[in-house]
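**Q** Take a look and give me a structure for this.
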Amino acid sequence: MTSPAPAAEARPSLAARLFGRDVDRLQLPRRVREAIQGQEDRTERLIGWLQLAIVLLFGTLYLISPKTAPEGLEVQPVPIALGVYLALTLVRIAWAYAGRLPDWAVALSSVVDMALLMALIWSFHLQYGQPPSFYLKAPTLLYVFIFIALRALRFDARFVVWSGVVAAAGWLMMVAYVIYSNPQDSMITRNYVDYLTSNAILLGAEFDKVISILVVAIVLGVALARGRNLLVRSVSEGMAAQELSRFFAPQIARRITGSEQVVQAGSAEICEAAILNLDLRGFTPLAETEPPQAVLAILGEYQARVVPIVQAHGGSIDKFLGDGIMASFGATQQSETYAADALRALEAVVAEGSRWREERSAAGRPAPAVNGAVATGPVLFGAVGTAKRLEITVIGEAVNLSAKLEKHNKQAGSLALATAAAYALACRQGFERRPAHQSLPGEALAGVGLPLDLVRLV
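**A** Prediction:
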């Protein structure tokens, strides 16, 4: 017997809840985590391209700007820093496309970004022949916010805060270098005017820069943590909608996920619709003699051929009943041609069923015939069940009549039947009336009290 999970694993810490990663691992299914990781991988590639654009922009500005380095300076730090950053950026892009960047590589990338930027700023006092305090007034420090913002694209608060901490630590080191580079003169002042008009340094101003960097990083981190929750919810709901579309017709899935109110048992609407019922003739005795795998293979082939045809004509699959399929037209999505669409779908399904039967017969395999029927009329479309178990379905006389009509194919010697009323409505909606369509007046159907006028399509 396995021991219960430790409380620390069942309940994430405050830091974990803030930055989200452990929460993701504990609460999200693997497929959702993989989808989010896929988004992060694409973001890392985007960040790499943006970094490449930045270094190319800086390089272009350096090439066209006047050079200020003293003549005696043998090493040019700016092109070296830009060259190193360009090479590392290209490596980073190649790595991002080759596979997933591990967390340590992303964190190291932030360190490299800030280190190169700080080294570039540090070199300014050499280029201009000034004391080290000169570089503390360089506006280039503002570029740290560009690198922090780049990390925000990933929607991972850890790396944003990490970039801010690295930048703040780097600037503190820059300040310390100025203070201790000349033990005889630390150049510290308390006079704000002296600070602005000379190379003296004002510690309060430098601490303000550090605090600003940290505050921006933390605020961005908190915002990203909240944004990540929305990302997780969005991915989860998006994947849930995809899963719903496998269990429901796409039209029904869209109505459920797009509904402004919670779908509840008893919520329904009355609409005019066409109901199509399909069936494999002789499937029951076939299922009794064939191995289970062969039976399921037949069903799989049949449904794979039939369902796309029904959906292509605007039909919504309501349910699978063994070898039977019930679909509605005009119930889940309003249509001005629902009856015509249903009859076109029925003819297309029967034609495809005939081709499928010929292929199976030629291969020496059992080949049941596909038949179906269409009835039209007002139906009740809505949810039935309980608060914990709902089913979206259609209810009405047309539903029952279509099912009985489908079974009547065997007696009528047909593969496709429709009520005369459904046929006339379909013709008014644009369905092509053809001589091969045969009227069957006064047909007696099992379970129907009065004779019905029918039309044999096939």
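**Q** Touching, V144 and L117? I think so.
**A** Yes - here V144 reaches L117: they are 6.5 Å apart, a contact under Cβ atoms under 8 Å. Placement of C-beta: from N, CA and C, glycine included.
**Q** So for those two, which sits in the more crowded spot?
**A** Neighbour totals were compared for V144 and L117, and V144 leads with 26 against 20 (other Cβ atoms under 10 Å).
**Q** Go ahead and name everything in contact with the particular helix or strand that has A403 in it.
**A** Per DSSP states H and E: A403 is located in helix 397-407. Residues outside helix 397-407 that contact it (Cβ atoms under 8 Å, 6 or more residues apart in numbering) are 273-279, 324, 326, 371-379, 417-419, 445-448, 454.
**Q** quick one: low-confidence parts of the stretch 151-300 of the chain?
**A** Along the stretch 151-300 of the chain, segments meeting pLDDT under 70 span 231, 234-268.
**Q** can you give me the helices for it?
**A** Along the stretch 151-300 of the chain, counting by DSSP state H, counting those that start in this stretch, helices occupy 157-181, 192-197, 203-247, 250-257, 283-289, 292-312.
**Q** what residue ranges in the stretch 301-450 of the chain score low on pLDDT?
**A** 382-392.
**Q** Strands of that one, residue ranges please.
**A** With strands called from DSSP state E, counting those that start in this stretch, the stretch 301-450 of the chain shows them at 316-321, 324-329, 369-385, 390-395, 416-419, 438-443.
**Q** Present the ones you listed as TSV; the columns should include mean neighbour count and distance to R226.
**A** Formatted as TSV, those follow (neighbours: other Cβ atoms under 10 Å; distance: least, Cβ to Cβ, whole Å):
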stretch	mean neighbour count	distance to R226
strand 316-321	18	38
strand 324-329	26	42
strand 369-385	22	34
strand 390-395	18	32
strand 416-419	27	56
strand 438-443	13	65
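**Q** Adding distance to W49, write the ones you listed out as JSON lines.
**A** Shown next, in JSON lines, are the strands of the stretch 301-450 of the chain (distance: least, Cβ to Cβ, whole Å):
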{"stretch": "strand 316-321", "distance to W49": "43"}
{"stretch": "strand 324-329", "distance to W49": "47"}
{"stretch": "strand 369-385", "distance to W49": "47"}
{"stretch": "strand 390-395", "distance to W49": "45"}
{"stretch": "strand 416-419", "distance to W49": "57"}
{"stretch": "strand 438-443", "distance to W49": "66"}
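**Q** do you know which of these lies nearest K137?
**A** Checking the strands of the stretch 301-450 of the chain against K137 by Cβ to Cβ gives strand 390-395 as the closest, at 67.0 Å.
**Q** What is the neighbour count of the closest residue in space to I325 that isn't next to it in sequence?
**A** Of all residues not flanking I325 in the chain, L278 sits nearest, at 4.4 Å (Cβ to Cβ, 6 or more residues apart in numbering). Around L278 there are 28 other residues, counting by other Cβ under 10 Å.
**Q** wouldn't L278 be in contact with V349 here?
**A** Yes - the criterion here is Cβ under 8 Å, and L278 meets it with V349 at 6.2 Å.
**Q** Can you check which residues contact both of the two?
**A** Residues touching both L278 and V349 (Cβ under 8 Å, 6+ apart) are 306, 310, 370, 372.
**Q** E347 and D318: what is the separation?
**A** Counting by Cβ to Cβ, to the nearest Å, the gap from E347 to D318 is 20 Å.
**Q** Next: I47.
**A** I47 is 47 Å from D318, where distance means Cβ to Cβ.
**Q** For whichever strand or helix holds A53, name the packing helices and strands.
**A** Using DSSP H and E, A53 falls within helix 30-64. Packing partners of helix 30-64 (3 or more Cβ pairs under 8 Å, 6 or more residues apart in numbering; DSSP states H and E): helix 21-27, helix 77-98, helix 143-152, helix 203-247.
**Q** one more time with 7 Å, if that's ok
**A** For helix 30-64, the contact count by 3 or more Cβ pairs under 7 Å, 6 or more residues apart in numbering; DSSP states H and E identifies helix 77-98, helix 143-152, helix 203-247 as packing neighbours.
**Q** can you state the direction angle for that helix and helix 77-98?
**A** Using axes from the mean of the first three to the mean of the last three Cα atoms, to 10 degrees, the direction of helix 30-64 lies 150 degrees away from that of helix 77-98.
**Q** rewinding a little: what's the most distant pair in the shared contacts of L278 and V349?
**A** Spatially, the most separated pair among those is V310 and V370, at 11.7 Å (Cβ to Cβ).
**Q** intersection of neighbour lists for these two?
**A** Common contact partners of V310 and V370 (Cβ atoms under 7 Å, 6 or more residues apart in numbering): V349.
**Q** circling back to that earlier point, hang on, the residue nearest to I325 packs against L321?
**A** No - taking contacts as Cβ atoms under 7 Å, L278 lies outside contact range of L321: 9.8 Å.
**Q** Mind splitting this structure into its structural domains?
**A** Split into domains by automatic domain parsing, the chain comes to 11-244, 267-456.
**Q** which of those sits most buried?
**A** Scoring the domains of the chain by mean neighbour count under mean count of other Cβ atoms under 10 Å gives domain 267-456 as the most buried, with a mean of 18.
**Q** Can you give the distance from that domain to the centre of its chain?
**A** Per Cα atoms, centre = their mean, to the nearest Å, the displacement of domain 267-456 from the mean C-alpha position of its chain is 34 Å.
**Q** what's the answer for stretch 447-458, then?
**A** In terms of Cα atoms, centre = their mean, the gap separating the centre of stretch 447-458 from the centre of its chain is 48 Å.
**Q** Identify all contacting residues around that stretch.
**A** Stretch 447-458 is touched from outside by 343, 346-347, 350, 404, 412, 414-420, 423, 437-445, with contacts defined as Cβ under 7 Å, 6+ apart.
**Q** so how far does it reach from one end to the other?
**A** Start to finish, the residues bounding stretch 447-458 are 23 Å apart (Cα to Cα, to the nearest Å).
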